[in-house]
Every structure is written in structure tokens, then in C-alpha cells.
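Novice: Below are the sequence and a predicted model for it; my questions follow.
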Amino acid sequence: MTRLLTAAAVALALAITAGRAAAQETYTIDPVHSQPIFEARHMGFSQQRGSFGKSTGKITLDRAAKKGTVEVVIDTTSIRTYDPRLDEQMKSENFFNVAKYPTLTFKGNNVVFDGDRVVQVDGDLTMLGVTKPVTLKVANFVCGEHPSNKKPMCGAEATATIMRSDWGMKYALPKSVSDEIKLIIPIEAYRE
Amino acid sequence: MVALGCAGAAAAAPVVYRIEPEFTYAEFAVGHIGLSRQRGHFGRTNGTIVLDTEQHSGSIDFVVDATSVDTGWKVRDEFLRGENMFDAAHYPVVRFHSTQLVFDRERLIGVAGGLTLRDVTRPVALKVERLECGKDPDSGRDGCGAGVATSIKRSDFGMNYALTLVGDDIDLSFEVTAFRVLP
């Protein structure tokens, strides 16, 4: 009986594994645990950070075919820094111009795997109406289940460095606010 | 020779800097359910730095307003302010007080001291990862910017709640801008 149950369990596990591997998985980003952070140098002697509190996104992964897609929409009005006055400056025409461009989007069309792990996503970032390619380096890609609600999910951290002038965001260059912006994006996403 | 002597004496005197709260913050990063690293910051900080780069001495006092915790999600901020975590109602500030400054020639590279969190004081060693001084282009004041980091275990300070969900190892980083206080 024990052996039969073990065999059944193994068969079930294999079926589930095979089923998962063959199918394309869709993940929904958990916005509160996936807030994109940006970092700029300010006046040559400090690093200033900000983040976006609201974003939505879907990720598809086909682990067998080593393919996938990423689509993230960030609400630019949800920008926050360490200072409310700076938030207003960031929302203004000088920077994100949120009245005219309430969202920025990232569309990843090439997901690069190293074995079972996602290590890179190549895509396009649309900001201020300008679309340019961006490569996200992905570290610590790991899947499991949420310990409380037991839902299957994956986590990772993506980083990239961009030049904001490439998207036409040129205010306060070169010294007051750096052109080079580092992006740090923690990701938690639930499997559907 | 006289002029050189004066310049030397001026440089040898301790220089006092006051932290500029608007451009200074304390950030923390912590593992969440083994899947991601989550970050938050404290927006309200204050402090004083005294440096004597010739004598390799000085002191750093840094205070963080525990109620100013900000993770971009109000539910989480309330949780962090609550009694299970920072217990900001009872312990409204987190403090660092230096005991020793570590120099490499004239460059400050590390700070040893005590971190007080929830009324528990533990020794921590801060690593000065970046230190740049110059004139603020706007005000013309002499200032310095520093990036300082350390790691702690929150359980060392009695913050033991939900260790299976929120990691014990906390990376702390301080982005500090300070301006010279003229004597």
C-alpha cells in the first residue's frame, strides 16, 4: 500500500512537473512587493533614490522552450522620493511630466535563461513618449510558494543602468542631477 | 613658513558638520519570504559629525525618527511602526553613537559604535563606502556626501516577529549629506 501510494505520488509529481514544463506559465506581479527604484547622483556628492508605488504587470515563462515575455506598466503619478517637494519636481514637466505621460511601460520580448533561472530580459522602455531598448539583468530568480497563502510564486531582482537623456529627460544635466540612472526592481509575482 | 604653519593649524582643528535632513536618509533592505529583497527608508534623520582628519579622531551622532518609516505601502508602514516591529510609540528614535573612527591616512573608512534600536544597544561597524567633499553649487557651502553601510540581525535587538516571513538579516545603508558648521 505504501509502495503504491509512493508510486502514485511520484507519477503525480512527474505529471505535474511535465505539465508545468510544457505549458506557458503566466505570472501577475504583486505591486506592493515589486516597487521599481531609481537612483541618481545629486550635485556630485549624494545619491538620491526614488520609487514608484503603483505598477501592474504580467510575466509569461515557458521554461521548456526557454522563452518568455514581460509587460509592466508603471503609474508615474505614484512617484515618491524622500522629500515631498522633490516629488512635485519629479512629477513636473522637467522630469516625468506625469500630466502628459501618466504611465511608463516596459515590454520585454527576450527572456534569457541560464538553466532554469531567468538571468536577463531584453526589452523596450517607453518613457516621455520615447521608446528605447533596455536590458534588465536579473539576479536571485527563485520560485516557491508564499508561506502564508500557499500560492505559487517567483521572486527576483532586476537591475539596469540607463541614461535619462536618451528619453529626452534633460533637465538639470549634467551636475545637479546625473544623466546616469540606476534602476533596481524587486519582483514578486504570483503564478496564475 | 608662518603661513604654512597657520594653514596646518587650521587643517588640524576638528571640523564640525551638521547633517542636512533633506538630503540624508537611512535605508534598509530585507529578504521577504525567501523570494525578494524589499527596501524601505526613514525620511527624517538628524545628526552631527566631527572630523579631525589629521588626528584621526572625531565623533558621529546620528538619530533616525522611527515613525518616519516609509516603504511605499501604508499597510506595511503601519505594521513596521507597530509594537511587533519598531514599536515607535515606545521607541520613537533609533540612534547611532560612534566610539571610534577608522582612517586610512586622511580618509575616513569606517566607524565603530553602538546602535540603539528598541532600547537595545549593540555594537556595529559602519563601512564608509563613499566620501566626497566639495562646495554645494547652490549655496556655496562646504559639504560632504557619504555612503555608509552595515548589516545587522534584527533579532539581536529583540525584533523577533515574523522571522519566517521577513528576514533576520538587515542591510542598512545611510546616504548622508552634511554641511560644515562655521565656528
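Specialist: Arrived safely, thanks for sending. Residues are numbered from 1 along each chain as shown, chains lettered A, B, ... in the order given.
Novice: Who does the longest strand belonging to chain A pair with, and is each partner parallel or antiparallel?
Specialist: Of all the elements of type strand in chain A, the one with the most residues (DSSP state E) is strand A:130-145. Using DSSP bridges, the strands paired with strand A:130-145 in its sheet are strand A:117-127 (antiparallel), strand A:152-163 (antiparallel).
Novice: I'd like those as a markdown table, with mean neighbour count and mean pLDDT appended.
Specialist: Every residue, glycine included, has its C-beta placed from N, CA and C. Output for the strands paired with strand A:130-145, formatted as a markdown table (neighbours: other CB atoms under 10 Å in any protein chain shown; pLDDT from 0 to 100):
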| stretch | mean neighbour count | mean pLDDT |
| --- | --- | --- |
| strand A:117-127 | 19 | 97 |
| strand A:152-163 | 19 | 96 |
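Novice: Just send the ones you listed back as CSV, with distance to residue A:134 too.
Specialist: Listed next are those as CSV, based on distance: least, CB to CB, whole Å:
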stretch, distance to residue A:134
strand A:117-127, 4
strand A:152-163, 5
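Novice: out of the ones you listed, nearest to residue B:34?
Specialist: strand A:152-163 (7.6 Å; CB to CB).
Novice: Export that closest one to PDB, keeping only CA atoms.
Specialist: Taking C-alpha atoms only, strand A:152-163 is exported to PDB below (Å, rounded to 0.1, in the frame of the first residue of the first chain):
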ATOM      1  CA  PRO A 152       2.900  29.500  -6.100                       C
ATOM      2  CA  MET A 153       5.100  32.500  -7.000                       C
ATOM      3  CA  CYS A 154       8.500  33.600  -8.100                       C
ATOM      4  CA  GLY A 155      10.800  36.400  -7.000                       C
ATOM      5  CA  ALA A 156      13.900  38.100  -8.400                       C
ATOM      6  CA  GLU A 157      15.700  41.400  -8.500                       C
ATOM      7  CA  ALA A 158      16.300  43.200 -11.800                       C
ATOM      8  CA  THR A 159      18.800  46.000 -12.400                       C
ATOM      9  CA  ALA A 160      19.700  48.200 -15.300                       C
ATOM     10  CA  THR A 161      21.600  51.500 -15.900                       C
ATOM     11  CA  ILE A 162      20.200  53.900 -18.300                       C
ATOM     12  CA  MET A 163      20.900  57.500 -19.500                       C
END
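Novice: now the strands for the chain?
Specialist: In the absence of a named chain, this looks at chain A. Using DSSP E, strands in chain A cover A:25-29, A:37-42, A:46-52, A:55-62, A:67-75, A:79-80, A:103-114, A:117-127, A:130-145, A:152-163, A:180-191.
Novice: actually chain B
Specialist: B:15-19, B:25-32, B:36-42, B:45-52, B:57-65, B:69-70, B:93-104, B:107-117, B:120-135, B:142-153, B:166-180.
Novice: who wins for proximity to chain A among these?
Specialist: The minimum distance between chain A and those falls on strand B:142-153, with 3.0 Å, by CB to the nearest CB.
Novice: check whether the closest one contacts chain A.
Specialist: Yes - with CB under 8 Å from any CB of the partner chain as the measure, strand B:142-153 is seen reaching chain A through B:143-145, B:147.
Novice: Dump those into JSON lines; add neighbour count and distance to residue A:69 as well.
Specialist: Formatted as JSON lines, the residues of strand B:142-153 next to chain A follow (neighbours: other CB atoms under 10 Å in any protein chain shown; distance: CB to CB, whole Å):
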{"residue": "B:143", "neighbour count": "23", "distance to residue A:69": "46"}
{"residue": "B:144", "neighbour count": "20", "distance to residue A:69": "46"}
{"residue": "B:145", "neighbour count": "24", "distance to residue A:69": "40"}
{"residue": "B:147", "neighbour count": "17", "distance to residue A:69": "36"}
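Novice: Please report the distance of residue A:85 from chain B.
Specialist: For residue A:85, the distance to chain B (CB to the nearest CB, to the nearest Å) stands at 8 Å.
Novice: List the contacts of that residue.
Specialist: Contacts for residue A:85 (CB atoms under 8 Å, 6 or more residues apart in numbering or on different chains) come out as none.
Novice: 10 Å - rerun?
Specialist: By CB atoms under 10 Å, 6 or more residues apart in numbering or on different chains, the residues touching residue A:85 are residue B:22.
Novice: cool, the one 4 residues further on as well?
Specialist: Residue A:89 sits next to A:81, A:83, A:95-96, A:171-172, A:177 when contact means CB under 10 Å, 6+ apart.
Novice: So which helix or strand of chain A has the lowest pLDDT on average?
Specialist: helix A:2-22 (a mean of 54; mean pLDDT, DSSP states H and E).
Novice: correction: chain B
Specialist: Ranking chain B's helices and strands by mean pLDDT, DSSP H and E puts helix B:2-12 last, a mean of 43.
Novice: low-scoring stretches of chain A, by residue?
Specialist: A:1-22, A:44 (pLDDT under 70).
Novice: switch to 90 and redo it
Specialist: Across chain A, the ranges flagged by pLDDT under 90 are A:1-23, A:40-49, A:81-86, A:148, A:172-178.
Novice: Point to the residue nearest the middle of it.
Specialist: For chain A, the residue nearest the mean C-alpha position is residue A:185 (5.1 Å; CA atoms, centre = their mean).
Novice: That one and residue A:143: what is the separation?
Specialist: Distance of residue A:185 to residue A:143, computed by CB to CB, to the nearest Å: 17 Å.
Novice: can you check residue B:147 too?
Specialist: Distance from residue B:147 to residue A:143, by CB to CB: 33 Å.
Novice: Surely residue B:61 and residue B:16 touch.
Specialist: No - Residue B:61 lies out of contact with residue B:16 (CB atoms under 10 Å); the separation is 11.3 Å.
Novice: what residues are shared contacts of the two?
Specialist: Residues touching both residue B:61 and residue B:16 (CB under 10 Å, 6+ apart): B:48-50.
Novice: buried subset of the residues you listed?
Specialist: By neighbour count, with 16 or more other CB atoms under 10 Å in any protein chain shown, those hold B:49-50 as buried.
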